[in-house]
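> here you go, sequence then predicted model.
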Amino acid sequence: MMKRFPILLTLSLLLCACGGKEPLNIPDPGPYKPLDPADLYPASVFKYGLKDLAKANGVMIGAEFTHGEYTGDDSLRVVLKRDFEAVTFGNEMKHDNIVSNTGSISFVWVDEMVRWAKDCDLKLFGHTLGWHSQQQSDYLQTLIDGAADSKAAAAAVREAHAEFVDKMVEHFDVYAWDVVNEVFSDDGAGSWRSSSNTQANYHVFLWGDYYEGGTKGFVDAAFKEAKEALQKYGKTADLYINDYNLEWNPAKLEALCKYAEGNPDVTGVGSQMHCNTDLSEDAIKNMLTRMVKTGKKVRISELDVPQGSIPTNTQADLIVTIFKLYLDIVPEAQRGGITFWGVSDKNSWLGKGKYPLLYNNAYQRKDSYLKLHAYLLERAGLEKDS
Ligand code: XIL
């Protein structure tokens, strides 16, 4: 819990700063312009991008970006196209970005990003079908307030969630979904998250409170709905349960893995890994070993590595260690990939001064990039390419 605090604080501040659950203020992207491939490969010191080297080692590498970053900086497309195989949108597939406060659903903003990602040959990961944060709680509250009694209110909230899942699965072609995100608490006992252990103000916890069996009931329903929607629309995608602090909190790790083992609709377990350079090799090993034991796909879903308190631990070393352990421990058939939560330090959700990513503020490769590139090159047995 202690380790998570600065992240939660940052998140709260960020959310307060942009008005909590207000829709994002996204500028009009204008008409869609296909890319000129010639723009995408400026002179490069390397023959291989990171994605080629990751692929050669049997792992898919991904990155998160937001609409603001995509409209704000052309360098992003150069880097994404060259170095990544998959992307996750930072906010744009979340409930409060898709559903308005009157309950209408709009895909306009996100569709622009989907087309752009397609144009860069990027695969898409869906984040997220169920989360207690960034929900369109004004709309959910309207449903509750308008219901005749608490039974009707619960039915209305459940129906709204089922409809959201159905519409999302119908609309997007993704290789996998985060079906539920952060459903366990930080209490050190692996309890389900509930309104009582969820911070008010920015976490309006409506869904878990309206299911029989509480949060577990919500999670069961979410996976069932996602699976049924995939079948209905003739689609396939992995279905993940995703959470943070799994590397620090063994009870949470155990609770998540146990749940996944008991539910055949879950096909993947995700660990966000918003960590820092203090993280030990043993902690990563234990986490990955337990996740592999579930028999499900194993994904590192939101990796970022700011400096911790031990000055001799470097970001570059820890990132290489994470890739090494992932490749050593997770069998190829179970690899769901590794996604960084951001591209350039300039746009990290952790804010300024953290430098948690592979590229500096000018989208230039940092030491961490160079070391990871060299490690993956050597591990794949390829000849030096620079
Ligand atoms: C973050 C986004 O990166 C920010 O832009 C937004 O303000 C808050 O959410 N865990 C998650 C992600 O699952 O959805 C969060 O993303 C980071 C923590």
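Received, thanks.

> which bits of the stretch 51-200 of the chain sit near the ligand?
Residues of the stretch 51-200 of the chain lying near the ligand by C-beta under 6 Å from any ligand atom: 66, 90-91, 181. Where C-beta positions appear, they are placed from N, C-alpha and C, glycine not excepted.

> and the residue of the stretch 101-250 of the chain found nearest the ligand, how many neighbours does it have?
Of all residues in the stretch 101-250 of the chain, residue 181 sits closest to the ligand, with a separation of 5.0 Å (C-beta to the nearest ligand atom). Other residues near residue 181 come to 23 when the count uses other C-beta atoms under 10 Å.

> quick check: pLDDT value at it.
On the pLDDT scale, residue 181 is placed at 97.

> tell me the contacts of it?
Contacts for residue 181 (C-beta atoms under 8 Å, 6 or more residues apart in numbering) come out as 127-128, 130-131, 242-243.

> and of the residues of the stretch 51-200 of the chain next to the ligand, the nearest to residue 323?
Closest approach to residue 323 among these (C-beta to C-beta): residue 90, at 22.2 Å.

> could you report the neighbour count for that closest one?
Neighbours of residue 90 (other C-beta under 10 Å): 22.

> next one: it from residue 63, what distance?
Distance of residue 90 to residue 63, given as C-beta to C-beta, to the nearest Å: 10 Å.

> list residues touching both of those two?
Common neighbours of residue 90 and residue 63, using C-beta under 8 Å, 6+ apart, are residue 342.

> mind listing the strands for this structure?
In order along the chain, the chain carries the following strands (DSSP state E): 61-65, 86-89, 123-127, 176-181, 238-243, 268-271, 297-303, 335-340.

> between those, which one is nearest to residue 357?
strand 335-340 (6.1 Å).

> quick one: mean pLDDT over that closest one.
98.

> again with stretch 62-74
88.

> what sits up against it?
Contacts of stretch 62-74 (C-beta under 8 Å, 6+ apart): 24, 26-27, 29, 76-77, 80, 83-92, 109, 112-113, 116, 123, 125, 302, 337-344, 346-347, 363.

> among those, which ones are buried?
24, 26, 29, 76-77, 80, 83-92, 109, 112-113, 116, 123, 125, 302, 337-344, 346-347, 363 (16 or more other C-beta atoms under 10 Å).

> quick one: the helices in the stretch 151-300 of the chain?
Secondary structure of the stretch 151-300 of the chain (DSSP state H, counting those that start in this stretch): helices at 214-232, 250-262, 281-293.

> what comes up buried for the longest one?
By neighbour count, with 16+ other C-beta under 10 Å as the criterion, the buried positions of helix 214-232 are 215, 217-223, 225-227, 229-230.

> residue 278: neighbour count?
So residue 278, with other C-beta under 10 Å, has 14 neighbours.

> for it, give its distance to residue 312.
Relative to residue 312, and taking C-beta to C-beta, residue 278 is found at 11 Å.

> just the pLDDT for residue 17.
35.

> alright, calling it a day.
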